[in-house]
Each structure stands twice: as C-alpha cells, then as structure tokens.
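> No letters, just coordinates:
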C-alpha cells in the first residue's frame, strides 16, 4: 500500500496537457482494453477449469495424488509456462516441426501458437493459474461440509456433478474473491510475460507503463504518474468484474436450481477428469523441450531428419561462466527471503492467535492484491530517496512482501485449524505456553512450513519487477537474465536459462519433501 | 484427595449447583446428563482451560492444594478425551516419552538419559502387552489400541488426578467393555482419583460415585 501511495504521488506537476497526451497516446485504448480483457478472462477461465478439476478429483482416490503434486506444479514459474508453450506449440516449436519434419515439410504458420499474441498470453495465464486455484479450493474444501451438501443434493434426486455446480460452486466462488483478485492483479501488471509473449502492436499496458516509468524526460514521468492512476482504476474495474461475474453466475445457477433444468457445463466437466496426468505431462514436456533446445536442437532441424543433430553440452559449458553469478544471487535471495517470509508469517499468525483477533486476509495479502508495477515503482522512489545502494539486501527486502503473502496463504489454514486439544494435552503434561508452541504446534506444522518455504522460494526465484527495479539491473538473477536473453534471438541460450529457472522450484520441493519425510518422529524426547 | 466445593455451572437459561465432591485416591466419579448441560465444560474448567460456552465457579483442591489460580501445566491433572490426541508427528513410544515427567531420575539420582526415558516408556507399554506398537504412528493403531495408549500416556505423566471425557465412546461395545474395565483397574491400582463424563448410564462401574447433572439443574 505504501508503494502505491508513493507511486501515485506526482514528483512532477501534472497538467491537463499530460492527461490529454496520455489519453491520445498511440494505441493506449487497445492496450488498456486488451489488458483488461486478458486480466479478467484468464483468471476466470482458470477458476472454472479448477472447479471442474476439483469436482472430478475431490472424492476420488486420485485426490491424494493431486494434493501431493499440487505444490510442485504450482511452483513452475509463469514465464517458463508461457515460453514453454511457445517452444512446444508455435509453428517452429518442437511438436509441430518434428511432426511435419517426418514428411520433410515445414509446419504451416497458422497451425502453431503465435510467438507473441494475446491468445498465447491468455492461454499461458489460464493454464498456469489452475494449480493456484486448486490450492485455494483444497484449503476451502477442508472448512466446508461439501460431502454433506453433495449427499443432500443426491438425496433430493440431483446427480453428483449437478450438485457440485448448484450447491458447491456458488459458495466456493464467494470464498475465492481474494484469490481471483490476486490472479487478476498479477495478470494486470505482469511485465516479463507481457514483454516476451504478449502482443507487440500495441503492447500490453504493463509494458507501456514500464517504459514511461523508466523514461528520462519530464513528460514520460508525468505519463507514468497518470499511468499508475489508470492502473488503479483498471484494478477497480476488475474488482467490479469479480462481483458482476459472481452475481451473474449465482443468478444463473439459481435459475437452473429452481427450474431444475440441465446444465450444459456438466458435459465439459468430464473432460477434466484426467487433468493431473495432462498437466504433469505438459510440465514434463516443457522441461524436456527446454532441455532438448539447450542441447543443440533448433527449429531448423527435427528428430527424424537425415542431418544429424549435434547434441552437446557445449552451450551449458559456455553459459556456466555467465550463469554462475545470477544463479548464486537467485539462490541467496530466494533462500533468505523465503526463510524470513515464513518466519514473519508465523509471527503474524501467532500474534493474532494471542490477541484472539484475526485481521482480514486482504491486509496480509496486500502485496499480491495490488498491481505490482505501481507498488514497486513507489518502493523504487523511496529506495532512491533513501540513497539505498544496489545490492542483494535491498532486493531481498523487496521480495519479502511477496514471499510473506504466499507463506501466509499456505500457512494460515493449517495454523488456524490445528486442533487446540493437542496443546491442551501437552499443557496437562506440564508444558508451558512456549513449550507447547515449540514442541507441539511448530512440530505439527512442519510439513506445512516446508511447503510454504518451497512456495515462497519459488515465488522469489520468479520475481522480475522488484529485482529489476530495486536492483537497478546491477543485481541480476536467473529470471532477469532469462528475460534479457529471451528478448533477443538466442533461443537455445534462453532455453538454458528457462530450464534452470524452472528447475529451481522443483529442487526446492524435492528438498522439502525429503526433509519432511526424514523429520517425522525425530522429536527430541528428552525434555531438554 | 480431589475436592470440588461450592461448584456452580451457569449455562444458557439455567444453572447447576453441584453437591460437594470428594474423591480419595483411586476413586472414580462418573458424570452423566443431557447434552449441552456443561459436562465437558466442567472438565475443562477443572483442567484449568477457560470454558467458552458456560461460566463455572467453585473451589478445587487436590491433595490439600488449592488449584483455582494454578496454570494448567502446573495442576498435575491428566486429560483423556474421546479422541485421545496422540501427537501425529511422534511414534507411540515418543508420545509416551513426551508425557514422562521431566525430572525422572534413575537409581543413582541422575536425570534419565534419552535412551533411559525410551526404556521407561517401553516398559510401560510392555506392562499392557502393547510393546509391539512402540514404533507405530497414530494412524496405524486400532481404536482400542489408541484408547489404551492414550491412557498409558496420561498415566506416564504421573498425574495426581485424571479427567476423562467419554474416552471409550468411539469403541464398539465389546472393546469398550474390555478397555474400560482395564482402565478403571489401572486407575484404581495406581491410586489416581478420576472424573469421567459419560453418556452410557448402563455401564457405570459399581464402585464409582455417580452424579447426574440433570438432578441439580435449576432453570432461571
């Protein structure tokens, strides 16, 4: 919030001329409208897909497998998904050029996913947000008596899938407002993906605004301030969109419930009964595609062509020299900001528990509910005003609000729903308040804490705007390097960086899962 | 000796004035009454937890020591509930170790080592032929095993009194009979005065005192 206020405080005088210049800027209307369209549509499409997946998996033996794989799937960076889709499905991508290559032909342009377009962005964001909504539904599902609602629905003669839509969806929709807003705010001001796979003429609003924000002239600074204000107006429109959609959806479902007419969407639901397998396959394909590109394949060749592909680790060897620094920076920043993020979350939750008063979630999740671009712009102004130097410490601080928000999202449920009788039993054995906290509460929360740590780590690894704006380009990470390289034409080198960026969260989840398994039962029994 | 005097439970639209309760070592009091009358609330108040849905007042003394202003962790009163709440992150053995008093000493007067504490816990399990579950986690135990391990854990803490909130209600009738008989004999032989809340008025042990809260209810 502080960032937004500073970002909206004009450092140069704003005149009518600036306003007119803003509204007559070439292509601004298309930029704003297409940004609003993609920010509203992608999260809603993801929400609907997530609900259909959730309804297909929740009371099914496969649910446990889905819950287990959800966090690692969630951690795949947005950028990796977006570029992965392009590397796989564009006309020069691995899939089509290999298929057409069998016949010695080149895949037609119209068939493939455009490299830079609104459709590509929409597709990438819709696919990527599904695990996020599933995580939210999974947490909500533990608090709501969904099974009883479905049972009642069936007892009244409705099919289970109909009951899901008529009885469960309206409630989940209402409880998902904040999650929807988080996804919309992210899409609204996402810069790296908009730069790399978003449309070019005109660019998406985030790109236009970022160019003004980093402009030198007084005119550009004035446009940036008006632009920040417009970004907040766009966020307000999205909030209105969330409520309007909710009103429309609930009204429609109520209409079906009263008239007992059949729901067409039910037919689509069944398509998502194999989502976990398909999404895992897509994730794996993306990683393999990056690997293949980084080992020497390019879109001029194909697997079955007569010209042999010169597979080699040469690119990795060459790039290692340049990559070491950014990689170490990424690891250091992500490790520190995720650990501090989780610790601050625990502190915030514990203080609220002691005060017996929980503040509304939107206060804690502010960092992911507000547009990042305006917020970080405000931080950058404050950072400059404080004469802050450009080192990793400041970048860690700029990542903290995000690692905190995601840790809070993951830990809040387990922390609040922990059965207090465990602590009561421990108290009856003579444990003091803090002994109960350390020996029981924290021990029971360890799996959730490790999950939060891995998610916060992934969130930090994928941060682009704060790293770029607060680090001023002097603190480079794998993500900033990946975006810089991907802006050029070296697709093989981009693949190397994308693979490293996408692998870091997987490594974090792998370590978290191994540690989690080893920790169980190793409690110090000696009361020391 | 466990004494509760001048106890009054205020619930919605009424109050219950309990007769003075006095339990000698090994004695058992069974509390029955309709739902919502404050049975569990009364137990939580005795334990030192602040009840949410009712107001309870009275004087509690345990072995001549007044307990009203003593914290839960210093009261030395054990608690056994229907869900015994074995800590899921610990094995059965470590659950019992957790409950063993911190100052347990060996024959040389030295504080027990980690291994000695584990041996002590294992000995407690062996006494009731449950040593085979020592390395099991809670989800690997049957209902009867959970109840018995729960009682062993509660007793391992050497409480001066024990409170039981329908501890065997989740068991099938046969297992319930076996486990409850075993539990009462354990409590009697160790001399622990106990109060048990129950819904089952047909299975009150003959030696137990019995209070039906409904008999003392007064509407306001």
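Cool, got the structure. Since the model is a prediction, treat every value here as computed from it, not as a measurement.

> and the residue of chain B found nearest chain A, how many neighbours?
Using Cβ to the nearest Cβ, the closest approach of chain B to chain A is made by residue B:97 at 3.6 Å. C-beta: built from backbone N, CA, C; applies to glycine. Number of residues near residue B:97 (other Cβ atoms under 10 Å in any protein chain shown) recorded here: 24.

> Am I right that it sits in a helix?
Yes - looking at residue B:97 with DSSP: H, G, I helix; E, B strand; the rest coil, it is inside a helix.

> Surely it touches residue B:116?
No - the criterion here is Cβ atoms under 8 Å, and residue B:97 misses it with residue B:116 at 10.3 Å.

> any idea how the chain splits into domains?
All of this refers to chain A. For chain A, automatic domain parsing gives the domain ranges A:29-294, A:308-528.

> should've been chain B
Domain ranges of chain B: B:2-86+B:141-219, B:89-140, per automatic domain parsing.

> Any chance of those domains in JSON lines with mean pLDDT and distance to residue A:84 as columns?
Shown next, in JSON lines, are the domains of chain B (pLDDT from 0 to 100; distance: least, Cβ to Cβ, whole Å):
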{"stretch": "domain B:2-86+B:141-219", "mean pLDDT": "87", "distance to residue A:84": "45"}
{"stretch": "domain B:89-140", "mean pLDDT": "88", "distance to residue A:84": "38"}
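
> After the longest helix along chain B, which helix or strand is next?
If you go by DSSP state H, chain B has its longest helix at helix B:173-190. Next along the chain after helix B:173-190, taking DSSP states H and E as the criterion, comes strand B:194-197.

> Could you look up the SS state of the residue nearest the centre of chain B?
For chain B, residue B:163 is the residue whose C-alpha lies nearest the centre (Cα atoms, centre = their mean; 3.1 Å). Assigned with three-state DSSP, residue B:163 falls in the strand class.

> give the contact list for it.
Going by Cβ atoms under 8 Å, 6 or more residues apart in numbering or on different chains, residue B:163 touches B:43, B:46-47, B:77-80, B:194-196.

> Then residue A:258?
Contacts of residue A:258 (Cβ under 8 Å, 6+ apart): none.

> name the element it belongs to?
Following DSSP H and E, one finds residue A:258 within helix A:218-259.

> repeat for residue B:7
Applying DSSP H and E as the criterion places residue B:7 in strand B:2-11.

> tell me the phi and psi of the residue in the stretch 301-450 of chain A that chain B sits nearest to?
Closest contact between the stretch 301-450 of chain A and chain B, by Cβ to the nearest Cβ, is at residue A:427 (4.0 Å). Dihedral pair for residue A:427: phi -60, psi -40, per degrees, to the nearest 10.

> and the closest residue to it other than its chain neighbours, what is it in contact with?
Once flanking residues are discounted, residue A:427 sits nearest to residue B:72: 4.0 Å by Cβ to Cβ, 6 or more residues apart in numbering or on different chains. By Cβ under 8 Å, 6+ apart, the contact list for residue B:72 reads A:424, A:427-428, B:47-49.

> and if you look at residue B:77?
Applying Cβ under 8 Å, 6+ apart, the residues near residue B:77 are A:428, B:46-48, B:62, B:67, B:159-163.

> Tell me where chain A has strands.
For chain A, no strands are identified by DSSP state E.

> ranges for the helices of chain B?
Taking DSSP H as the criterion, chain B carries its helices at B:39-47, B:72-75, B:92-99, B:114-127, B:143-156, B:173-190.

> For the last one, name the packing helices and strands.
Pointing back at helix B:173-190 there. Secondary-structure packing of helix B:173-190 (3 or more Cβ pairs under 8 Å, 6 or more residues apart in numbering or on different chains; DSSP states H and E): strand B:28-32, helix B:143-156.

> Let me see the confidence value for residue 1.
Going with chain A. As predicted, residue A:1 sits at a pLDDT of 60.

> meant chain B, my bad for not saying
pLDDT for residue B:1: 87.

> What distance do you get for it to residue A:482?
Using Cβ to Cβ, to the nearest Å, we find residue B:1 at a distance of 74 Å from residue A:482.

> quick one, which of the two is more surrounded?
Ranked by neighbour count (other Cβ under 10 Å), residue B:1 and residue A:482 place residue A:482 first, with 29 against 14.

> From what I see, that one and residue A:499 are in contact.
No - Residue A:482 lies out of contact with residue A:499 (Cβ under 8 Å); the separation is 9.6 Å.

> Nearest residue to residue 184 in space, please, no chain neighbours.
Looking at chain A here, since you left the chain open. Per Cβ to Cβ, 6+ apart, closest to residue A:184 is residue A:238, 4.5 Å.

> oops, chain B please
By the measure of Cβ to Cβ, 6+ apart, the closest residue to residue B:184 outside its immediate chain neighbours is residue B:205, 5.4 Å from it.

> Report the contact partners of that neighbour.
Residue B:205 sits next to B:28, B:30, B:180-181, B:184 when contact means Cβ under 8 Å, 6+ apart.

> Which ChimeraX command selects the buried ones in these?
To isolate the buried members of the contacts of residue B:205 in ChimeraX, using 16 or more other Cβ atoms under 10 Å in any protein chain shown:
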select /B:28,30,180,184
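
> Among the contacts of residue B:205, which pair sits farthest apart?
For the contacts of residue B:205, the farthest-apart pair by Cβ to Cβ is B:30 and B:181; their separation is 14.0 Å.

> ok, now how distant is residue A:200 from residue B:40?
From residue A:200 across to residue B:40, the span is 67 Å (Cβ to Cβ).

> and the two? which has more neighbours close in?
Legend: neighbour count by other Cβ under 10 Å for residue A:200 and residue B:40, higher for residue B:40 (20 against 11).

> Can you name the residues that contact the more buried one?
Counted by Cβ under 8 Å, 6+ apart, residue B:40 has contacts B:165, B:197.

> next one: residue A:144
Residue A:144 neighbours (Cβ under 8 Å, 6+ apart): A:168, A:171-172, A:175.

> now, which of the residues you listed sits nearest chain B?
Nearest to chain B among the contacts of residue A:144: residue A:175, at 25.2 Å, using Cβ to the nearest Cβ.

> Could you count how many residues lie near that closest one?
15.

> Spatially, and excluding backbone neighbours, which residue is closest to it.
residue A:140 (5.2 Å).

> neighbours of that neighbour, just the number please.
Residue A:140 has 18 neighbours, counted by other Cβ under 10 Å.

> That one against residue A:176, yeah?
Yes - contact status for residue A:140 versus residue A:176: in contact at 7.5 Å, counting by Cβ under 8 Å.

> Just list the residues touching residue A:485, thanks.
Shown in contact with residue A:485 (Cβ under 8 Å, 6+ apart): A:493-494, A:497.

> what about residue A:235, how many residues close to it?
Counted with other Cβ under 10 Å, residue A:235 comes out at 21.

> measure residue A:431 to residue A:440 for me?
7 Å.

> Over to residue A:416?
Taking Cβ to Cβ as the measure, residue A:416 falls 15 Å from residue A:440.

> For these two, work out which one has more neighbours and name it.
Just comparing residue A:416 and residue A:440: by other Cβ under 10 Å the higher neighbour count belongs to residue A:440, 24 against 12.

> Ignoring the adjacent residues along the chain, who's closest to that one?
Nearest residue to residue A:440, sequence neighbours excluded (Cβ to Cβ, 6+ apart): residue A:426, at 4.8 Å.

> wait, the one you found sits on residue A:442?
No - in this structure residue A:426 lies outside contact range of residue A:442 using Cβ under 8 Å: 11.9 Å.

> more neighbours, those two?
Taking neighbours as other Cβ under 10 Å, residue A:426 and residue A:442 compare with residue A:426 leading, 24 against 14.

> Spell out which residues sit in contact with the more buried one, please.
Counting by Cβ under 8 Å, 6+ apart, residue A:426 touches A:435-436, A:439-440, B:98.

> I am finished for the moment; much appreciated.
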